[in-house]
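Undergrad: Just need the structure, nothing else, for what follows:
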Amino acid sequence: MNIVTTASPAPQGVLPRRPQNGIFFREIGISSDWDKEIPAGYPHVKLFVIEGNLEIMVNGEPHAMQRGDFLDVINQPVRCRHASSDVRAFLLLLSEEFMSLTLREKRPFPPAYLMRILQNPVTRIPSSHFSTVIRGMEHVRQALAAGSGRFSQDILRSKVLIFILELADILADGPDTGLPSDNGKHPQIFIKFLQLLQTYICNEHTAGFYADQLHITPQYLRRIVKEITGHSVYQVISDHLCREICKLLLETDLSLQEIADRLHFSDQAVLSKFFKRINGVSPLKFRIEQR
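TA: Numbering: from 1, shown residues only. Okay, the predicted model is just below:
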């Protein structure tokens, strides 16, 4: 397995823990003994397919990827379902702390891009930009492998920042999202709503709570969410709650009742009914099929 990270190698069958510097790089390729597992605990997942094919599961939904496809995921469980024998890809995982220190006040991706990858996390990179993406990820790998010099962490963050800024330039001209071009407050409110969901989704499932946190009325929140996504607030909250259930099903051995307690469902029967309505399968069947 060709893994470049500051963490010590994990025992066979055990995923490596998150390195203290909050970044993980892996090359998926012919020469690597890759076990198809993507380490958990990183909210930012970036994967670029150089050759071959991959089938990636994001929040339980399959995404077929081929040469030139770039996966960008934020706060959703990611797993590999299938990899062709000739696959070669770069996988970069980043913690929220590392991203915050790296970007600081910069916001390279507009709200429309963040909304787009929530709907479809896979984007085709134009062939003219292949070398830019590959070079950027190679530079990150080299910085990780350079050791623990005096300025190694600063160099590493600089390499990641350059890669993300170059990526933002490439993806800024991506396909039309069909979202409104409102440059006013609505996109900012929606992004804050998504951030609140990441923080409180385990405990709070109502539009009223999030509207209160945003200091707006539930009716106004419903209008903003509908305008931007085409979906209701309930649907967006349900999607995030379902993602959290998927994460606990795949990454822990908690029982359904324990998951129901953690996510503030009245009991496991209510959780199972909710999950099956959205995913089409029971939680236990989902756990068995995806593990």
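Undergrad: got the contact list for the closest residue in space to P283 that isn't next to it in sequence?
TA: In this structure, P283 finds its nearest non-sequential neighbour in F275, 4.9 Å apart by Cβ to Cβ, 6 or more residues apart in numbering. Where C-beta positions appear, they are placed from N, C-alpha and C, glycine not excepted. F275 sits next to C242, I245, S282, P283, F286 when contact means Cβ atoms under 8 Å, 6 or more residues apart in numbering.
Undergrad: quick one: the last one and N279 touch, right?
TA: Yes. Under the criterion of Cβ atoms under 8 Å, F286 lies in contact with N279, with a separation of 6.1 Å.
Undergrad: ok, the residue nearest to P121 when sequence neighbours are not counted to K185 distance?
TA: For P121, ignoring the flanking residues on the chain, the nearest one in space by Cβ to Cβ, 6+ apart is V73 at 4.9 Å. V73 sits 27 Å away from K185, going by Cβ to Cβ, to the nearest Å.
Undergrad: quick one: which of these two has more around it?
TA: Just comparing V73 and K185: by other Cβ atoms under 10 Å the higher neighbour count belongs to V73, 23 against 11.
Undergrad: Now the element after the helix or strand where that one lies, going C-ward?
TA: Counting by DSSP states H and E, the element that carries V73 is strand 69-74. Once strand 69-74 ends, the next helix or strand along the chain (criterion: DSSP H and E) is strand 78-83.
Undergrad: Please report phi then psi for the residue lying farthest from the centre of the chain.
TA: In the chain, R150 marks the outermost C-alpha relative to the chain mean, sitting 31.3 Å out by Cα atoms, centre = their mean. According to degrees, to the nearest 10, the main-chain angles of R150 amount to phi -60, psi -40.
Undergrad: Same check on F90?
TA: Note on F90: its backbone torsions stand at phi -110, psi 130 [degrees, to the nearest 10].
Undergrad: Run through the residues that contact it.
TA: Here F90 is in contact with F25, R26, E27, I28, L47, F48, I50, I134, M137, E138, R141 (Cβ under 8 Å, 6+ apart).
Undergrad: now the residues you listed in JSON lines, with distance to S266 and secondary structure?
TA: Formatted as JSON lines, the contacts of F90 follow (distance: Cβ to Cβ, whole Å; DSSP: H, G, I helix; E, B strand; the rest coil):
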{"residue": "F25", "distance to S266": "43", "secondary structure": "strand"}
{"residue": "R26", "distance to S266": "41", "secondary structure": "strand"}
{"residue": "E27", "distance to S266": "46", "secondary structure": "strand"}
{"residue": "I28", "distance to S266": "42", "secondary structure": "strand"}
{"residue": "L47", "distance to S266": "38", "secondary structure": "strand"}
{"residue": "F48", "distance to S266": "43", "secondary structure": "strand"}
{"residue": "I50", "distance to S266": "48", "secondary structure": "strand"}
{"residue": "I134", "distance to S266": "50", "secondary structure": "helix"}
{"residue": "M137", "distance to S266": "46", "secondary structure": "helix"}
{"residue": "E138", "distance to S266": "51", "secondary structure": "helix"}
{"residue": "R141", "distance to S266": "48", "secondary structure": "helix"}
